[in-house]
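Chemist: Quick one, fold the following:
(2 chains)
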There are 2 protein chains.
Amino acid sequence: MGRLRWQVVAVAVVGLALALEALPSALRWLRAGRRRRRPRREVLFFPSQVTCTEVLLQAPDAAPLAPSAGCGCSLPHGESSLSRLLRALLAARASLELCLFAFSSPQLGRAVQLLHQRGVRVRVITDCDYMALNGSQIGLLRKAGIQVRHDQDLGYMHHKFAIVDKKVLITGSLNWTTQAIQNNRENVLIMEDEDYVRLFLEEFERIWEEFNPTKYTFFPQKKRSH
Amino acid sequence: MGRLRWQVVAVAVVGLALALEALPSALRWLRAGRRRRRPRREVLFFPSQVTCTEVLLQAPDAAPLAPSAGCGCSLPHGESSLSRLLRALLAARASLELCLFAFSSPQLGRAVQLLHQRGVRVRVITDCDYMALNGSQIGLLRKAGIQVRHDQDLGYMHHKFAIVDKKVLITGSLNWTTQAIQNNRENVLIMEDEDYVRLFLEEFERIWEEFNPTKYTFFPQKKRSH
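Modeler: Just a heads-up that it's a prediction; the model follows:
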């Protein structure tokens, strides 16, 4: 009986010690989990350094370029705000929503066409005044079979956001033009916060439905100036 | 001795029980703390309903308007995206950094002047092409004694962000013009996330220093078109 009591004491003491030891570990584990679960939050500032983006933008049927070999051009081959933006877009596997006032950057146009070729469902909303300007990518995207819808409002469709796989929101001041990328002070946020993604996706679907082409009435009134 | 052993057993068992009980409470407390610490994350979409903002924009020496009494005008007096944006700005107590491509909205101009009158340190960065356009607020802000700096670059200073008390970042696609507020599709994010605030504040200070007026050299080359 004496031995049993000592065993009980020993078990209880060991249990207590283990429980007390476990507490800080559990807290650490929780904190680590919080770190792991912390959503991506990145800001890209522009103007972007001009870098070569050929390695990122290879067509599926092109002879592969080894990243180390480079493409032979004289541009720097490091990372830049533009290459980071391209990477964030090219990560899409299922869907890409684009809601863009102006879209004329050839590199971003190629990225969107690549995603379309890979089977990603791409939908584009844009502004009717800017889509027909010289250098616009919109005609090329439509020709490639990508669905594009546009406003016929008095105001501008002035958003500049993208949603990748309904999980990552890319939004900011940047119009997708070479002028903006290379010369302007601009910002682009890349974020995975669910709340923001949901709100922007709802806004996209609202506008997508409103700009349904079966509802067009060309063109009741002239648009005002900017 | 037998009693002592039982006491040790009892203390150990109670200790173990308390420790085990404490674990889920500690986890709940941690989770609750995480909820409480969750920063503000709001999105305003535009066009904004046109509402009266007189109650928000009363000068300190004006006869007070009771919110319930209204101002006698025929506009709706509820909340709108513009009124929410004004509230977020008017919450400033110490500092307001503004980095704006175009600023011509009379209501937003009055809000910034009110903050200046209240002793908030206001600093404005803007684009040199847009600041002299008809209806620009920039001249009024300068006349009121607010420091304004502008680019003399080839590119545009195309940011549209504000930082309130170095704690809240307000950024998006919206230029601060009545056209954009009332007619365009636009977004504005209001967020307290420290990382974003810090990165935008660093960008502000970088540009503020670069646009130091003692460095002006009027005007080496003409700017390109948009």
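Chemist: any low-confidence regions in chain A?
Modeler: Low-confidence segments of chain A, defined by pLDDT under 70: A:1-2, A:25, A:28-37, A:60, A:63-70, A:218-226.
Chemist: Need the contact partners of stretch A:13-26.
Modeler: B:12, B:15-16, B:19-20, B:22-23, B:26-27 (Cβ atoms under 8 Å, 6 or more residues apart in numbering or on different chains). All C-beta spots, glycine's among them, are computed from the backbone N, C-alpha and C.
Chemist: Just the buried positions in that stretch, please.
Modeler: A:13, A:15-16, A:19, A:26 (16 or more other Cβ atoms under 10 Å in any protein chain shown).
Chemist: likewise stretch A:39-53?
Modeler: So for stretch A:39-53, counting by 16+ other Cβ under 10 Å, buried means A:42-48, A:51-53.
Chemist: Next, see if it gets close to chain B.
Modeler: Yes. Judged by Cβ under 8 Å from any Cβ of the partner chain, stretch A:39-53 comes into contact with chain B at A:41, A:43, A:45, A:47.
Chemist: out of the residues you listed, who's nearest chain B?
Modeler: Proximity of the residues of stretch A:39-53 next to chain B to chain B was ranked by Cβ to the nearest Cβ; the top entry is A:Val43 with 4.7 Å.
Chemist: Where do the strands of chain A begin and end?
Modeler: Counting by DSSP state E, chain A has these strands, from start to end: A:41-46, A:95-100, A:121-126, A:147-150, A:160-164, A:168-172, A:186-191.
Chemist: Could you export these to a markdown table, including columns for distance to B:Ala94?
Modeler: Below are the strands of chain A laid out as a markdown table (distance: least, Cβ to Cβ, whole Å):
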| stretch | distance to B:Ala94 |
| --- | --- |
| strand A:41-46 | 23 |
| strand A:95-100 | 36 |
| strand A:121-126 | 40 |
| strand A:147-150 | 44 |
| strand A:160-164 | 31 |
| strand A:168-172 | 26 |
| strand A:186-191 | 23 |
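Chemist: Of those, which is nearest A:Thr178?
Modeler: strand A:41-46 (11.1 Å; Cβ to Cβ).
Chemist: ok so, going back, report the two of the buried residues of stretch A:39-53 separated the most.
Modeler: For the buried residues of stretch A:39-53, the maximum inter-member distance is 23.2 Å, found between A:Val43 and A:Cys52 (Cβ to Cβ).
Chemist: Just give me the closest of the buried residues of stretch A:13-26 to B:Ala92.
Modeler: For these, the nearest to B:Ala92 is A:Ala26 (41.0 Å; Cβ to Cβ).
Chemist: Return the distance of the closest one relative to A:Ala19.
Modeler: A:Ala26 sits 10 Å away from A:Ala19, going by Cβ to Cβ, to the nearest Å.
Chemist: List the contacts of the residue nearest to the spatial centre of chain A.
Modeler: For chain A, the residue nearest the mean C-alpha position is A:Ile170 (4.1 Å; Cα atoms, centre = their mean). The contact partners of A:Ile170, by Cβ under 8 Å, 6+ apart, come to A:85, A:88-89, A:161-164, A:188-190.
Chemist: export the residues you listed to a markdown table and tack on neighbour count and distance to B:Asn183?
Modeler: Compiled in a markdown table, those are given as follows (neighbours: other Cβ atoms under 10 Å in any protein chain shown; distance: Cβ to Cβ, whole Å):
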| residue | neighbour count | distance to B:Asn183 |
| --- | --- | --- |
| A:Leu85 | 26 | 28 |
| A:Ala88 | 19 | 30 |
| A:Leu89 | 22 | 29 |
| A:Phe161 | 24 | 19 |
| A:Ala162 | 27 | 23 |
| A:Ile163 | 24 | 24 |
| A:Val164 | 23 | 29 |
| A:Val188 | 24 | 24 |
| A:Leu189 | 24 | 25 |
| A:Ile190 | 21 | 29 |
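Chemist: Surely A:Ile190 touches A:Glu42?
Modeler: Yes. A:Ile190 is in contact with A:Glu42 according to Cβ atoms under 8 Å; the separation is 4.3 Å.
Chemist: Overlap in contacts, the two.
Modeler: With Cβ under 8 Å, 6+ apart, A:Ile190 and A:Glu42 have common neighbours A:Arg84.
Chemist: ok, the closest residue to A:Phe46 other than its chain neighbours - contacts?
Modeler: Nearest residue to A:Phe46 in three dimensions, chain neighbours excluded: A:Glu186, at 3.8 Å (Cβ to Cβ, 6 or more residues apart in numbering or on different chains). A:Glu186 sits next to A:45-47, A:172-174, A:180, B:158-159 when contact means Cβ under 8 Å, 6+ apart.
Chemist: Identify the farthest-apart pair in those.
Modeler: A:Pro47 and A:Gly172 (13.5 Å).
Chemist: what residues are up against the residue nearest to A:Gln137 when sequence neighbours are not counted?
Modeler: Of all residues not flanking A:Gln137 in the chain, A:Gly109 sits nearest, at 3.6 Å (Cβ to Cβ, 6+ apart). Residues counted as contacts of A:Gly109 (Cβ under 8 Å, 6+ apart) are A:103, A:137, A:140-141.
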